[in-house]
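Trainee: Below is the sequence, then the predicted model.
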Amino acid sequence: METLKRLLLAAIVFTLIGCAGLTPLRTGGARSVNPNLRYTLILYGMRYLTDPRSVAFLDVEGDRYTLKPFAPGFDYTELHGLNSVEAMNRAVSFLGQNPDTNGYGLRRIIGPGGQTIGYEVRPYFQILKYGFMDVLNIYYTLKKNDVVSIYVDLIPSVRDRILFDGLEPGPGGGR
């Protein structure tokens, strides 16, 4: 059932993207980041200590593409001019602030020509917390001005659990 929900959500997102004239981008596995490049590190989320919507992105500097989260500016921070070691250390440290994390996954963001235009560092969670280690749905779309919009959401079952079980602090939340 969860797989069906994910496929339906993906179909809706890609239909909307196609109608808006945007190009969806894909990700692929990565063992490490390119050590010869400089990066802008984008730290997204961490609005509260156990925020599962937290993720880090490494945007390759000097290429024609710019990664930009589809979110208000207070939801993310940008750090420019970092080498690969600094960027990865800060990304892992940022994600490690959440006591529920249990490691991270690294994926490369693939541009229209097959080149790597950035990296995604996503947290993995203790399986008992949400029922899944990987709880994020992240979509990338290329706009006509070479800006890559990043859409970050939780998988539906985790989002529903947080909203309806009061696991998120703030209005309507239980903490």
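Mentor: All right, it came through fine.
Trainee: in the protein, which spans are helices?
Mentor: Using DSSP state H, the helices of the chain run over 2-19, 84-96, 127-130, 156-165.
Trainee: gap between stretch 46-59 and the chain center?
Mentor: Here stretch 46-59 is found 8 Å from its chain centre; the criterion is CA atoms, centre = their mean, to the nearest Å.
Trainee: Where in the protein is the helix or strand with the lowest mean pLDDT?
Mentor: helix 2-19 (a mean of 58; mean pLDDT, DSSP states H and E).
Trainee: how much space between the residue minimising distance to the centre of the chain and Gly114?
Mentor: Among the residues of the chain, Val55 comes closest to the average C-alpha position under CA atoms, centre = their mean, at 4.7 Å. Val55 is 23 Å from Gly114, where distance means CB to CB, to the nearest Å. C-beta here means a position set from N, CA and C on the backbone, and glycine is covered the same way.
Trainee: For the residue lying closest to Asn137 once chain neighbours are set aside, give me its contacts.
Mentor: Ranked by CB to CB, 6 or more residues apart in numbering and with sequence neighbours excluded, the top spatial neighbour of Asn137 is Asp153, at 4.8 Å. Taking CB atoms under 8 Å, 6 or more residues apart in numbering, we find Asp153 in contact with 53, 136-138, 159.
Trainee: Arg64: which of those is nearest?
Mentor: Arg64 has its nearest neighbour among the contacts of Asp153 in Ile138, at 21.4 Å by CB to CB.
Trainee: For burial, what's the neighbour tally of the residue nearest to Pro35 when sequence neighbours are not counted?
Mentor: In space, and not counting its chain neighbours, Pro35 is closest to Ser84: 4.6 Å by CB to CB, 6+ apart. Burial measure for Ser84: 17 neighbouring residues, criterion other CB atoms under 10 Å.
Trainee: same check, this time on the one 4 residues further on
Mentor: Each residue near Met88 was counted by other CB under 10 Å, and the total is 22.
Trainee: That one contacts Val121, correct?
Mentor: Yes - if you go by CB atoms under 8 Å, Met88 and Val121 touch, sitting 7.3 Å apart.
Trainee: what is in contact with those two at once?
Mentor: Leu58.
Trainee: For stretch 88-103, give me every contacting residue.
Mentor: Contacts of stretch 88-103 (CB under 8 Å, 6+ apart): 33, 41, 43, 46, 49-52, 54-56, 58, 79, 82, 104, 121-127, 129, 133.
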